[in-house]
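K.L.:
Show me the folded form of this:
(one chain, ligands or ions: 2)
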Amino acid sequence: MTDFLWVEKYRPQTIDNVILPQSLKQTFTEIVAGGELPNMLFSGSAGVGKTTVAKALCNQLDIDCMVINGSEEGNIDTLRGKIKQFASTVSLSGGYKVCILDEADYLNPQSTQPALRGFIEAFSDNCRFILTCNFKNRIIEPLHSRCSVYDFTIPNTEKPAIASGVFKNVCSILDRESISYDKKVIVELVQRYFPDCRRIINELQRYSVSGTIDAGILVNMSDENIKSLVSMLKGKEFKQMRSWVANNIDSEPAALFRRVYDSLTDFVVPQSIPQAVLILADYQYKNAFVADHELNTVACMTELMANVEFK
Ligand SMILES: Nc1ncnc2c1ncn2[C@@H]1O[C@H](COP(=O)(O)OP(=O)(O)OP(=O)(O)O)[C@@H](O)[C@H]1O
Ligand SMILES: [Mg+2]
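P.N.:
Ligands and ions are numbered 1, 2, ... in the order given. Sure, this is the predicted structure:
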């Protein structure tokens, strides 16, 4: 059933097949070779391979593992029950087990995270933990200090190589699914959503029902979508705008500001354009510093709504 989704069907099963910056690749390869898995904390943006690496390590080391999702099962009692039950029974293969705690930054830092600190120690004989998160500053210090911390952010110098790896990877998925495609379109799609592999693969699967990937996949995302956003701004439909942003926020929100900027002449009355440019520039600048991109983008749209006159 889950294999209906390409992201699951083509999730790499070994570290070798995960596209990673060199230093991370080397570290994880060494862990596989050494056979010993420490408690770890993986941080990084969405869809870059954190959960995939955690699963691949367990797979290659032949370790029993359990995945708990922090945003869905963050309740302390559920968590305690699950971890206890899993960690206190003996592994079939004899060694220790691994509990992969996905989206650990959603665990309450006042209650659940401190409790986890206790679990890590209590079960240290037969259970290791791999925590994954998007924002490592939301994980309390005592958990950092109990884990080896790995940041999945791709260094600028390695971006071209990784992007080209992602490109080859998605082309091979399309080949295996017998979907024809225009290489230039794939390049642009990868650039748009990079480094979010999940998003890239999901967009391709969504569009592939027609059997071929053409420039439509790009238009689909931008033009029609921007049009509907603008009509919400014009109609001052705050609620709809908020959910639009939530659904469309890219891994690189700066691209959204740029797309709105590019379409100003089509949608905004001429005397309002300078004001709109100032607002977009201001929020694009803030974009580099904010912790929550969705919130920042909604704030920008709210300001456009209030201060700009639309055609
Ligand atoms: N580095 C990668 N190399 C190859 N495929 C990848 C990579 N990263 C992600 N993918 C693809 O995207 C899917 C989702 O990746 P994964 O679950 O590892 O993301 P994540 O980093 O845990 O994201 P999140 O923070 O949203 O949980 C994988 O199943 C795989 O198909
Ligand atoms: Mg994950």
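
K.L.:
Nearest the middle, which residue of this protein would you pick?
P.N.:
Centroid-nearest residue in the chain: A46, 0.9 Å away (criterion: CA atoms, centre = their mean).

K.L.:
I figured that residue hits C197, correct?
P.N.:
No - A46 is beyond contact range of C197, at 9.4 Å (criterion: CB atoms under 8 Å). All C-beta atoms are positioned from the backbone trio N, CA, C, and that covers glycine.

K.L.:
ok, N169 - contacts?
P.N.:
10, 19, 197 (CB atoms under 8 Å, 6 or more residues apart in numbering).

K.L.:
I'd like the distance between it and A306.
P.N.:
N169 sits at a distance of 43 Å from A306 (criterion: CB to CB, to the nearest Å).

K.L.:
what does Q22 give?
P.N.:
47 Å.

K.L.:
so where's the stretch 1-150 of the chain shaky on pLDDT?
P.N.:
Residues of the stretch 1-150 of the chain meeting the criterion pLDDT under 70: 1-2.

K.L.:
which bits of the stretch 151-300 of the chain sit near ligand 1?
P.N.:
169, 197-198, 201 (CB under 6 Å from any ligand atom).

K.L.:
let me redo that: the stretch 1-150 of the chain
P.N.:
So far as CB under 6 Å from any ligand atom goes, the stretch 1-150 of the chain lies against ligand 1 at 7-8, 10-12, 18-20, 46-52, 102, 132, 134.

K.L.:
Among the residues you listed, which lie within helices?
P.N.:
By the criterion of DSSP state H, membership of those in helices covers 7-8, 50-52.

K.L.:
can you tell me which two in those are farthest apart?
P.N.:
E8 and K50 (15.3 Å; CB to CB).

K.L.:
Report the separation between the residue nearest to the centre of the chain and ligand 2.
P.N.:
8 Å (CB to the ion, to the nearest Å).

K.L.:
What sits closest to that residue if chain neighbours are left out?
P.N.:
In this structure, A46 finds its nearest non-sequential neighbour in D196, 5.5 Å apart by CB to CB, 6 or more residues apart in numbering.

K.L.:
I figured the one you found hits S45, correct?
P.N.:
Yes - counting by CB under 8 Å, S45 is a contact partner of D196 at 6.8 Å.

K.L.:
between those two, which one's more packed in?
P.N.:
Counted by other CB atoms under 10 Å, D196 and S45 do not tie: D196 has more neighbours, with 20 against 16.

K.L.:
now the strands for the stretch 1-150 of the chain?
P.N.:
With DSSP state E, counting those that start in this stretch as the criterion, the stretch 1-150 of the chain has strands at 40-43, 65-69, 97-102, 127-133, 148-151.

K.L.:
quick one, what contacts whichever residue of the stretch 151-300 of the chain sits closest to ligand 2?
P.N.:
Closest to ligand 2 within the stretch 151-300 of the chain is R198: 8.6 Å, counting by CB to the ion. If a contact means CB under 8 Å, 6+ apart, then R198 has 7, 46-47 as its contacts.

K.L.:
hmm, try it at 6 Å
P.N.:
When contacts are counted by CB atoms under 6 Å, 6 or more residues apart in numbering, R198 touches 7, 47.

K.L.:
and if you look at G70?
P.N.:
Residues 101, 103-104, 106-107 are the ones in contact with G70 under the rule CB under 6 Å, 6+ apart.

K.L.:
Quickly check these for the two that are furthest apart.
P.N.:
L101 and Y106 (10.0 Å).
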